[in-house]
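> Take a look and give me a structure for this.
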Amino acid sequence: MKNTILLLFFFLVFSSCQKIEEKISQTVDETTQKVKDKSNKIIQEKFDDKINETIKNLTNSEDIAFSKVFQNNTLQTLDSIKGKSLVLPTGSKVIIFKYKMEKKTLLEFLQSQPSTDNANSDKIAKKIDGQEILAKLKMAESFLPKELTDNPVFQSNKDNKSLEFFRLNRIPLQSTLIYNPKDSTFFHLVDAKIEK
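Predicted coordinates for the structure are as follows:
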């Protein structure tokens with residue numbers, strides 16, 4: 001009898017331990033899943049916030065005059081030109097201009113702009129391969145809203161084979177120029193280093 005009671009006692013203890021172990025395992029699994037779900041939700045919210053901030057910055061651009069960006073404007077035809085100023089999520093300030101101008105005159109003007117660091121600034125504009133720029137345009141098209149990429153400026157230039165590309169770094173401004181020789185139109189992107 002004593003052995004039976006002892007055996008029954010051990011059986012109950014063993015059974016209770018298994019149930020406790022199962023309960024702990026279940027609790028750990030549930031908690032792990034909750035943590036994964038919560039972290040995925042937080043990551044998704046952060047990602048969505050960053051995308052929304054980017055779209056907001058791209059759609060809430062400010063007008064800026066050409067003469068406010070480039071000093072000593074001797075090109076009177078550009079006095080009335082206004083561009084769009086955007087602050088990207090990275091903190092970079094980008095200004096986009098579109099205008100018609102004779103290529104040689106514009107490049108000479110930009111090369112004569114004062115620099116805060118002449119030793120590290122370009123003296124002349126460099127003609128560059130625009131494939132990287134075109135690739136970025138195509139990539140941007142895939143995640144930007146349709147209303148931004150459906151405009152004629154975007155569509156007419158992403159597949160134009162006659163475009164010429166130039167880059168000029170006159171610190172604090174870096175200019176990337178996309179020139180359409182068919183109609184002498186420039187798309188001028190200015191990366192302005194924001195002083196902190």
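
> mind listing the helices for this structure?
Under the criterion DSSP state H, helices of the chain are mapped to 2-59, 66-69, 103-111, 131-143, 146-149, 152-158.

> Against which helices or strands is the second one packed?
Contact here means 3 or more C-beta pairs under 8 Å, 6 or more residues apart in numbering; DSSP states H and E; on that basis helix 66-69 packs against strand 82-87, strand 93-100. All C-beta spots, glycine's among them, are computed from the backbone N, C-alpha and C.

> How far does stretch 31-42 sit from its chain's centre?
With C-alpha atoms, centre = their mean, to the nearest Å as the basis, stretch 31-42 stands 28 Å off its chain's centre.

> Need the residues that contact that stretch.
Residues from elsewhere that reach stretch 31-42, judged by C-beta atoms under 8 Å, 6 or more residues apart in numbering: none at all.

> swap in stretch 165-178?
69-70, 106-107, 110-111, 113-117, 120-122, 124-130, 133, 157, 163-164, 179, 186-193, 195.

> The closest residue in space to residue 64 that isn't next to it in sequence: how many residues sit nearby?
Nearest residue to residue 64, sequence neighbours excluded (C-beta to C-beta, 6 or more residues apart in numbering): residue 85, at 4.4 Å. For residue 85, the tally of surrounding residues (other C-beta atoms under 10 Å) stands at 17.

> what is residue 85 paired to in the beta sheet?
residue 62, residue 95 (DSSP bridges).

> How about the contacts made by it?
Residue 85 touches 61, 62, 63, 64, 93, 94, 95, counting by C-beta under 8 Å, 6+ apart.

> Mind checking which of these are buried?
Among these, those buried by neighbour count (16 or more other C-beta atoms under 10 Å) are 64, 94, 95.

> Tabulate the CA atom coordinates of stretch 97-112 in CSV.
Only the C-alpha atoms of stretch 97-112 are listed here, as CSV (Å, rounded to 0.1, in the frame of the first residue of the first chain):
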residue,chain,number,x,y,z
PHE,A,97,15.0,74.5,-62.1
LYS,A,98,13.8,74.2,-65.7
TYR,A,99,14.7,76.8,-68.2
LYS,A,100,16.0,77.4,-71.8
MET,A,101,19.5,78.7,-72.1
GLU,A,102,22.5,78.5,-74.5
LYS,A,103,24.7,75.7,-73.1
LYS,A,104,28.1,77.5,-73.3
THR,A,105,26.8,80.7,-71.6
LEU,A,106,25.2,78.8,-68.8
LEU,A,107,28.2,76.6,-68.1
GLU,A,108,30.5,79.6,-68.1
PHE,A,109,28.2,81.5,-65.7
LEU,A,110,28.0,78.5,-63.3
GLN,A,111,31.8,78.0,-63.4
SER,A,112,32.3,81.6,-62.4
